[in-house]
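>>> Kindly generate the corresponding structure for this input.
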Amino acid sequence: MKAFRYTALGPDGRRLRGVSYAPGAAALRDRLVEARLHPLTIQPTLLQQRGGLRLTDAEAARFGRDLAQLMTSGMALAQALALLETRETPRMSAIAREVRQRLIAGEPLSRALEAADGGPARFLQALARGGEASGRQSEVLAAGARSLAAADQLKKRLITLCLYPAFVILVALGSIAIYAYAVLPSLEPAFEGMGGDIPAQTQAVLTFGVIVRVLLPILAAATGGLAVAMTLFAPVRRSAGDGVARLLMRGKRSPLRDFVFANLAARLAVMLHAGVPLAPAWRLAREPVSISSLGRALAAQDERLMEGVRLSEVLRRIPACPPDLIHYVLMGEHSGQVSAALNDGAALLGARAQEAIERLLSVLTPLVIIVVGAMVGLITMMVFQGLLAVGDAVAS
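Okay, the predicted model is just below:
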């Protein structure tokens, strides 16, 4: 599916402009004609997504919630999708249209939802498979939509917490770059001819400026090249993301690990509450995990669950699994309320991940400010020491 900008004449002769998604320009032209519009121009947008249409957590939550609400009211699935097609954004409308066309062609909802791409879309597909297995499609979609909405809120909260320290770090790098490119080069002629009379600290600052001016363009080019490669090539993007994720999941109290397992527990709770057996519910819940190393570790437990091994024992075999989640599941198995225990564990891990990020940033942000202020002050002091040395040499 590609995005196109189009201009068309409406039945009343007015020009209409918009963005729509279609396999090609010819398909979009036919669709506009069917809508009693006369297409004038159809041009692809500049930045095209590769592969399918991606869904964010918020979009997937809204899509699943609206679809469940319409199905609960008694509306047929194809009719509900047709209604969503007219009321959503162009990209969401394209997804609803493609899903409806696949349904009409005879595919089940779980297969039809493969029109969308990304982790949230895979979760919707897993929800649809769970609903098909249990016969409670609308209930499963509604519960999954709530889980997606909660995950989206937590993710947005964590991103918001990271914005300020990221801004401070960028300002720090900018300050160093200004000193290296603007301040120090203008002072270097004043120290020429002094030889060994320049204070060692001042010479160190001047050398530091030269090193920064040499390395900064190289680092900027490398960063830009990596960003372009990650944008254009999915394998590079997956490898980079997986490497960063493995690094961040180390440690006993990794916020990323808590966040990932909180989402896994919430998805598994939705499946079990809908009546899906544990083994298929596990497969459906683990499918949206995008970290390849963790995904392989989770998939390795499928056969053990099929053999009747308890969930708590399975979680113990996963090295990255938080002990608190194992404890909650064990208590749920003894009480016969595993889905409720999974929900409680997900809430605990999500809150702990947010608290850990808040604590880290509460220390990191003032620390970065202090370090930047100290660096700027130290560099300024060393430069003035050199200028004073120049003044003394001239006076003598």
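
>>> Tell me how far E139 lies from R146.
To R146, E139 is 11 Å away according to CB to CB, to the nearest Å. From N, CA and C alone the C-beta is placed, and that goes for glycine too.

>>> neighbour-wise, which of the two wins?
E139 (19 against 16; other CB atoms under 10 Å).

>>> The closest residue to the more buried one other than its chain neighbours: neighbour count?
What sits nearest to E139 in space, not counting adjacent residues and going by CB to CB, 6 or more residues apart in numbering, is A274, at 6.2 Å. Neighbour count for A274, taken as other CB under 10 Å: 23.

>>> Now do the contacts for A274.
A274 sits next to 130-131, 134, 136, 139-140, 143 when contact means CB atoms under 8 Å, 6 or more residues apart in numbering.

>>> again, 10 Å this time
127, 130-131, 133-137, 139-144, 281, 339 (CB atoms under 10 Å, 6 or more residues apart in numbering).

>>> same check, this time on S138
Neighbour list for S138: 64, 67-73, 77, 80, 131 [criterion: CB under 10 Å, 6+ apart].

>>> Distance of it relative to L70?
Separation of S138 from L70 (CB to CB) stands at 9 Å.

>>> what do the two both touch?
77, 80.

>>> for the chain, which helix is longest?
helix 338-395 (DSSP state H).

>>> Mind checking the pLDDT average for that helix?
What helix 338-395 shows for mean pLDDT is 77.

>>> Who are the packing partners of it?
Packing partners of helix 338-395 (3 or more CB pairs under 10 Å, 6 or more residues apart in numbering; DSSP states H and E): helix 137-178, helix 184-191, helix 200-232, helix 255-273, helix 278-286, helix 311-316, helix 323-335.

>>> do that again at 8 Å, thanks
Contact here means 3 or more CB pairs under 8 Å, 6 or more residues apart in numbering; DSSP states H and E; on that basis helix 338-395 packs against helix 137-178, helix 184-191, helix 200-232, helix 255-273, helix 323-335.

>>> The contacts of A274, buried ones only, as a ChimeraX selection?
A single ChimeraX command selects the buried members of the contacts of A274 (16 or more other CB atoms under 10 Å):
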select :127,130,131,133,134,136,137,139,140,141,142,143,144,281,339
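
>>> Which of the contacts of S138 are buried? Put it as a PyMOL command.
Listed next is the PyMOL selection for buried residues among the contacts of S138, using 16+ other CB under 10 Å:
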select buried, resi 64+67+68+70+71+77+80+131
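
>>> Now do the same contact list for L81.
67, 96-97, 99-100, 103 are the contacts of L81 under CB under 8 Å, 6+ apart.

>>> now do A143
270, 273-274.

>>> Kindly state the pLDDT recorded for it?
According to the prediction, A143 has pLDDT 83.

>>> Then A190?
Looking at A190, its pLDDT stands at 66.

>>> can you check the one 10 residues further on too?
Confidence per residue is given as pLDDT, and for A200 that number is 72.

>>> give me the number of residues near it?
As a burial measure, A200 scores 10 neighbours (other CB under 10 Å).

>>> That one and T207, how far apart?
Distance from A200 to T207, by CB to CB: 10 Å.

>>> go on, T72?
Applying CB to CB, the value for T72 to T207 is 70 Å.

>>> Pick the one among the contacts of S138 closest to A220.
Proximity of those to A220 (CB to CB) peaks at G64, which lies at 41.7 Å.
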